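>>> sequence first, predicted coordinates after that:
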Amino acid sequence: MNYVVAGYSIVLGILFLYGVQLLWRRRRWTRLVARVEASRPPVDPAPGDR
Amino acid sequence: MTTTAAATSATTPTAGPFPPGLVQSPRMIWTTRIIGIAAAVTVALTVWLGLWVTPPDKVQGDLVRLVYIHPGVAWVALYLAFGLAAVSSLLYLWPRTRSLFWDRLAAAAVEVGVVFNVCTLISGSIWGRPTWGVWWAWDARLTLTAVLLILFLGYLTLRRVPAEPDVRAKRCAYAALFAAVDIPLVHFSVVWWKTLHQGATVLNANLSPSIHGSMAWTLLLGFVALTLVFVWMLLVRYRIGALEDYLGTGELEVALLERRSEGADGLAAAGAADVTAPDVTAPAPAATATAEVAR
Amino acid sequence: MWRDTVLVAGKDLRIEARSRVALSQVVPFGIVALALFAFALGPDRAPMAKAAPGLFWVAVLFTTVLAVQRSVSVESGDGARDGLRLSGLDPAGQFLGKLLSVGAQLVALEVVLTVGVVLLYGARIEAWWMIVASCLLGTLGLAAAGVLYGALSAGLRVKETILPFLLLPVVTPVLLAGTRIWQAALAGGTPSYGSPWFHLLIAFDAVYLALGVVVYGPIQESA
């Protein structure tokens, strides 16, 4: 039974940690993109174009 | 779940800082969330059923509980993730369906697949220790999983090499194709390696016992739960890839921005004008990349 | 296509004949590998003789990486790769030409290594035709996969380190098949045991030959 508990904890632990890492990466990149976008001058569409 | 706050604010067209191509539709955000919640719930259910509710097996005893997890991660890693990566790579290479969407999907599938692959090897090894007496055996399936892991890692290493998105995409897609056609060959070679010996044929120990009742349902639930976990991870990882690609050509820009904002935080607003000016050098590829990233 | 094959193979082999890199570096590396294995397993010859098939093929695999890297680096200077792209040579022919050149070097190496294994490890070969056939078929597969991955990694600055990592896992079937066929061909083995492995080698060769012929051109375009 010890093996079973170890197996479950390690596998689910890895998946959980990776999931957390994914969420953290997404948050970091989202903020980065937001900041880069905010620092750029607004893009004006060329007049007369559809 | 506060990471979606920035994205949801971006759906208001005038106030959001996100360019149109990079905005995630509310439906996408909610789909991701719901799948994530469903994944967590089904995993918890599987754990509860697997560890407590179901009875131990007549032959394997408590070890059978690992069978609720191991085939699930194996199926995701070996078939779902890898299959998706191979098909996506093919679709990228095919001129009529070429789109960086497929490249990004393949990359996401491979990265998540590596994680599940590692889980497969670990859970298989833990099952094998009390069953076979060893942490590792050159069993056909373990060996194939190990080779697949190395092939996946090769893909990820290749992906880290800096290049234009489409050059990198093409290169990685070819690598995935070469690996994909190799898999059946490796499969046969490893199975024959294990089972064909000089003289007598050695039979493989059957990995899955015949399984009934609540155990069968738990096994099925395990498959479903882990598949949901994979899908959720795939969606999040894809989103990360889309954001990374958008900024990819502007990494120096991003680093400069981060550096300056460290210093600008302590200054008055008058100093902020200096921060924005040099960042006007927006690389042209980023603008065209937004159209691609729209998926 | 065949004319271009001969042209490219001739070019590579002529470069080799003039620079003698394969002769003076690649083949000796194979022999050094054999010696290293002997030091690791010896000094009794019994374990070496038993492991001889595997050791032979592992040495061949490592040397293949060198040979492929050499084949790629021949064109890395002076815009030679662009020159090849613009030359109008059939890309399938280029692929086959490089394959022939790498394959020829490997075959030469395998002859030397076979002699080495027989002399140094005391391996006793009974079914010579199996040895020869497995070497030829195995070399074909190794060269095909090698040239393909070489093309894929050609433009990268990290190509020296990434090529073995990419190539070696992929050629696992060749290693397994070659080793088993050699085991069957040595004294004490049953030759008939080798036949499914020949089928595997042929399948491997067919797959990577077909891939190479089709895909070598597009890879060159994007390198």
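Ah, there it is.
>>> quickly find the element holding residue C:167.
Element membership for residue C:167, per DSSP states H and E: helix C:159-170.
>>> please read the previous query as pertaining to residue C:75.
Assessed by DSSP H and E, residue C:75 sits outside every helix and strand.
>>> with adjacent residues omitted, what lies nearest to it?
residue C:81 (4.9 Å; Cβ to Cβ, 6 or more residues apart in numbering or on different chains). Any C-beta I mention is one placed from the backbone N, CA and C, and that applies to glycine too.
>>> tell me the buried residues in the helix or strand where the one you found lies?
Counting by DSSP H and E, the element that carries residue C:81 is helix C:80-86. For helix C:80-86, burial by neighbour count (16 or more other Cβ atoms under 10 Å in any protein chain shown) applies to C:81, C:84-85.
>>> what distance do you get for the residue located most distally from the centre of chain C to chain A?
What lies farthest from the middle of chain C is residue C:44; by Cα atoms, centre = their mean that is 29.4 Å. Noted for residue C:44: a distance of 39 Å to chain A, by Cβ to the nearest Cβ, to the nearest Å.
>>> quick one: residues contacting that residue.
Applying Cβ atoms under 8 Å, 6 or more residues apart in numbering or on different chains to residue C:44 gives no contacts.
>>> doesn't residue C:72 make contact with residue C:153?
Yes - the criterion here is Cβ atoms under 8 Å, and residue C:153 meets it with residue C:72 at 7.4 Å.
>>> which residues do those two both contact?
C:159, C:163.
>>> ok, which residues in chain C are in contact with chain B?
Residues of chain C lying near chain B by Cβ under 8 Å from any Cβ of the partner chain: C:145, C:148-149, C:152-153, C:156, C:158, C:162, C:165-166, C:169-170, C:172-173, C:176-177, C:180, C:183-184, C:189-190, C:193, C:196-197, C:200, C:203-204, C:207-208, C:211, C:215, C:218-219, C:222.
>>> how about 6 Å then?
Neighbours of chain B within chain C, by Cβ under 6 Å from any Cβ of the partner chain: C:152, C:156, C:165-166, C:169-170, C:172-173, C:176, C:190, C:193, C:200, C:204, C:207, C:219, C:222.
>>> for those residues, work out which two are farthest apart.
For those, the farthest-apart pair by Cβ to Cβ is C:190 and C:222; their separation is 48.1 Å.
>>> with neighbour numbers in mind, choose between these two.
Neighbour count, other Cβ atoms under 10 Å in any protein chain shown: between residue C:190 and residue C:222, residue C:222 has more, with 17 against 12.
>>> centroid-nearest residue for chain B?
Residue closest to the average C-alpha location in chain B (Cα atoms, centre = their mean): residue B:112, at 1.7 Å.
>>> so what's that one up against?
Taking Cβ atoms under 6 Å, 6 or more residues apart in numbering or on different chains, we find residue B:112 in contact with B:81, B:233-234, B:237.
>>> hmm, try it at 10 Å
A:15, A:18-19, A:22, B:76-77, B:80-81, B:84-85, B:229-238 (Cβ atoms under 10 Å, 6 or more residues apart in numbering or on different chains).
>>> now do residue B:183
Contact analysis of residue B:183 by Cβ under 10 Å, 6+ apart lists B:78, B:82-83, B:86, B:144, B:147-148, B:151, C:170.
>>> again, but for residue C:37
Applying Cβ under 10 Å, 6+ apart to residue C:37 gives the contacts C:48, C:51-52, C:54-56, C:58-59, C:117, C:120-121.
>>> same deal with residue C:45?
Residues in contact with residue C:45 (Cβ under 10 Å, 6+ apart) are C:38, C:52, C:120-123.
>>> which of the residues you listed count as buried?
Burial by neighbour count, 16+ other Cβ under 10 Å: within the contacts of residue C:45 this picks out C:38, C:52, C:120-121, C:123.
>>> for whichever strand or helix holds residue A:20, what is the average pLDDT?
Using DSSP H and E, residue A:20 falls within helix A:2-39. Across helix A:2-39, pLDDT averages out at 90.
>>> give me the packing partners of that helix, helices and strands only.
Helices and strands touching helix A:2-39, by 3 or more Cβ pairs under 10 Å, 6 or more residues apart in numbering or on different chains; DSSP states H and E, are helix B:4-9, helix B:26-48, helix B:70-74, helix B:100-132, helix B:213-248, helix B:251-264, helix B:272-276.
>>> now render those helices as a markdown table, adding distance to residue B:194.
A markdown table is the format used below for the helices and strands packed on helix A:2-39 (distance: least, Cβ to Cβ, whole Å):
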| stretch | distance to residue B:194 |
| --- | --- |
| helix B:4-9 | 48 |
| helix B:26-48 | 30 |
| helix B:70-74 | 17 |
| helix B:100-132 | 13 |
| helix B:213-248 | 25 |
| helix B:251-264 | 46 |
| helix B:272-276 | 62 |
